[in-house]
Structures are given as C-alpha cells and as structure tokens.
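J.: give me coordinates for this.
(one chain, ligands or ions: 1)
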Amino acid sequence: MSTAIEANGLVKRYGRRAAAALDDCSFRLPTGRISALVGPNGAGKSTLLTIAAGLSRPTSGSISVLGAAPGTHRAKVSYLAQSKPLYPQLSVADTLKVGAALNPERWDAAYASKIVEQGELDPKAKIRSLSGGQRTRVALALALGKRPELMLLDEPMADLDPLARHEMMGTLMADAAEHGTTVLMSSHIVTELADACDHLLLLGGGRIRLGGGIDDLIGAHSLVTGRGDLAPHTVVESRASGRGVTALIRRDGQLGEGWQVQEPSLEELLLAHLRSPDAPPLLTPGTTAAPRRTEVTA
Ligand SMILES: Nc1ncnc2c1ncn2[C@@H]1O[C@H](COP(=O)(O)OP(=O)(O)OP(=O)(O)O)[C@@H](O)[C@H]1O
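T.: Just a heads-up that it's a prediction; the model follows:
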C-alpha cells in the first residue's frame, strides 16, 4: 500500500531553549486511511499537522507528504487549521467562489454548495455574521470542495453541535471512503473517532505512542481482571479493583488461570495510554517509518 505521510525522527522546537513540541516522531500513514490524531493538550498534534501542510518546518528530521516534501502537492492537500480562518467580510457564496478560483482543476462546486446547504446557511450571509459552528461548516465546505487526496484537519468538529457533528462526520467519512481520500484528523472527542476512523496515531511526549489500524491496536491489547502475576505481558496500566487488579496489557503468550479477559474499547485503550505516558509504544506493521533515507525536508 502506498504512503500518504512518512515522518522520520521529526523534531520541532519553537525556540532554542524551548522543550521540543515533537521529539523523534516517526511513523508511516498508508494512503486511504481515516486516521485519528489523538493526544493530550500540548502533545504536538497541531505542530505535526502544520508541518505536514508545509506551513512550518521541522527543526530536524524528515517528512514526506504524498511522496514529496510538504507543500509540494498543495493542490491535492486540504489543511483546516483549528482557528478555521476565513475572510469575515465575504459572503458564504463569495467564499465558495474563492475556493473555486483557488482550485481551478479540482473544485467540485455542487459538493461544496451541498455542504453549505445542509447547514441551512444563507449564501448571502457574511462570514462575520455566522456562529462558530456555521463558520466551521463553510471551512469544511472549502476543504472538501477541493476534492483533495489528503485532508489534514485540526479539531474540525470542535464547535459543531452534536447533530451537525454527526452529520458532517458522516459526510466526511462517506466522501473519504468513496474517493479513497486519506484523512488525518486531530480530535479530543473519542466517541466521534471510534465511529469514523479506522486508524490511530496517539502522540505523547512529542512522539508516536500508538500507531496503526484501530482494530489491530485494540486486538493487541486485553483488559484483564483478576489476581496474580502478569509477567511476561506488557502492563500498560494497572489499578486495584474490588476483584484484585484490573489492567490493560499487551499479551505475550497465554494468560495464566483465573484472569477474566475482555477486549478494550477504543476509549479504554486511549485512556489507559494517556494515563500511563511511560508505557512502551506500539506501532503495528506497516505503520513504522522506513529507515531514514535522504532528507526530504529539514
Ligand atoms: N507558535 C508557537 N510558538 C511557541 N510554542 C508553540 C507554538 N505552537 C505550539 N507551541 C508549543 O508546542 C507544544 C505543542 O503544541 P501544539 O499546539 O502542537 O499541541 P496540540 O497537541 O495541538 O495541543 P491542543 O490539544 O491543546 O490543541 C506546546 O507546548 C505549545 O506550547
């Protein structure tokens, strides 16, 4: 399978003395995946997305996007910043016209208009008169109307109401599946991700702590309850419970007698890893970066 993004030893410092926002961050995102980018506040999610969009340069390390340095294939990449920048003085209709003018080869006017219409927005309304959620809808119409091969979305749904979020996620995912679009989307809303995404990148301490298909990552872990020794398994998190110990583990062979075993939900998997920042990382096969070749950008 071809590669949408490959990062190798990526480091980003915002100042000489500042702690690294990304610190030896390496991963491979195959094309066609709808990937959640998750991590605590300040983990480096926006930093990674702006570097992939070609708007910020790494301090060191390399990253390729659609096989080239970030920014090379701007026409094929949509980037939606957390702040959703739009021109406040333009109307909704004029904003879409700007989208068409900026993307003459790829613009799908009918599709962009449909997204706006689903929100019952008046095309003549000025952007400055819209609510935060309505602006988000226009920004998403711009990002999707471009019919990109890769979408880099920074908390795209954060200010949509639950119904609008559900509907927009449905539109986004159906579109991505139909067109084979790769999506890398940061979010803190785990329920939104569990339904929509098939791939996960968990950032912590500036590097990837979990990377791979969500089913594979869940399948590699077990939630166990019982008493006894958990060696030789990797214990991600362990807590005393009424029935002994409840632990999220990565199995290494069979479990001993007397353990109740469950498959964790995505939320349980994420919470355990977020609470245990020192747990060993796991990147499933196909999601580790190839050994470093020539620098694509640095
Ligand atoms: N322009 C900047 N100048 C200086 N430091 C920055 C800048 N942008 C980000 N940082 C720092 O880099 C680190 C990572 O920030 P980033 O915004 O990438 O995290 P995030 O995972 O997107 O966080 P959140 O979930 O809160 O949006 C933080 O410590 C932040 O303070």
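J.: pull up the residues of the protein that are close to the ligand.
T.: For the chain, the residues in contact with the ligand (C-beta under 6 Å from any ligand atom) are 14, 21, 39, 41, 42, 43, 44, 45, 46, 47. Where C-beta positions appear, they are placed from N, C-alpha and C, glycine not excepted.
J.: helix or strand for the fourth one, which one?
T.: In other words, residue 41. Using DSSP states H and E, residue 41 sits in no helix or strand.
J.: so for the chain, the centremost residue is which one?
T.: residue 37 (2.7 Å; C-alpha atoms, centre = their mean).
J.: wasn't it part of a strand?
T.: Yes: applying DSSP: H, G, I helix; E, B strand; the rest coil, one finds residue 37 inside a strand.
J.: report the buried residues of stretch 139-146.
T.: Neighbour counts over stretch 139-146 (16 or more other C-beta atoms under 10 Å) mark 139, 140, 141, 142, 143, 144, 145, 146 as buried.
J.: what of stretch 19-38?
T.: Going by neighbour count (16+ other C-beta under 10 Å), the buried part of stretch 19-38 is 20-38.
J.: got the CA positions of that stretch in CSV?
T.: C-alpha atoms of stretch 19-38 as CSV (Å, rounded to 0.1, in the frame of the first residue of the first chain):
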residue,chain,number,x,y,z
ALA,A,19,11.2,21.9,25.0
ALA,A,20,10.6,20.0,21.8
ALA,A,21,7.0,20.0,20.7
LEU,A,22,7.9,17.0,18.5
ASP,A,23,10.8,14.8,19.6
ASP,A,24,12.0,12.0,17.4
CYS,A,25,8.5,11.5,15.9
SER,A,26,8.4,8.7,13.4
PHE,A,27,5.5,6.9,11.7
ARG,A,28,4.0,6.0,8.3
LEU,A,29,0.4,6.7,7.4
PRO,A,30,-0.7,4.5,4.5
THR,A,31,-3.0,6.1,1.8
GLY,A,32,-6.7,5.7,2.1
ARG,A,33,-6.8,5.6,5.9
ILE,A,34,-9.0,7.8,8.0
SER,A,35,-6.8,8.4,10.9
ALA,A,36,-7.4,10.0,14.3
LEU,A,37,-4.6,12.1,15.7
VAL,A,38,-5.0,12.0,19.5
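J.: ok, back up a step: in PyMOL, how would I select the buried members of the residues of the chain next to the ligand?
T.: Here is the PyMOL selection string for the buried members of the residues of the chain next to the ligand, based on 16+ other C-beta under 10 Å:
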select buried, resi 21+39+43+44+45+46+47
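J.: got CSV for the residues of the chain next to the ligand, with pLDDT too?
T.: Shown next, in CSV, are those (pLDDT from 0 to 100):
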residue, pLDDT
14, 94
21, 96
39, 94
41, 92
42, 92
43, 93
44, 95
45, 96
46, 96
47, 97
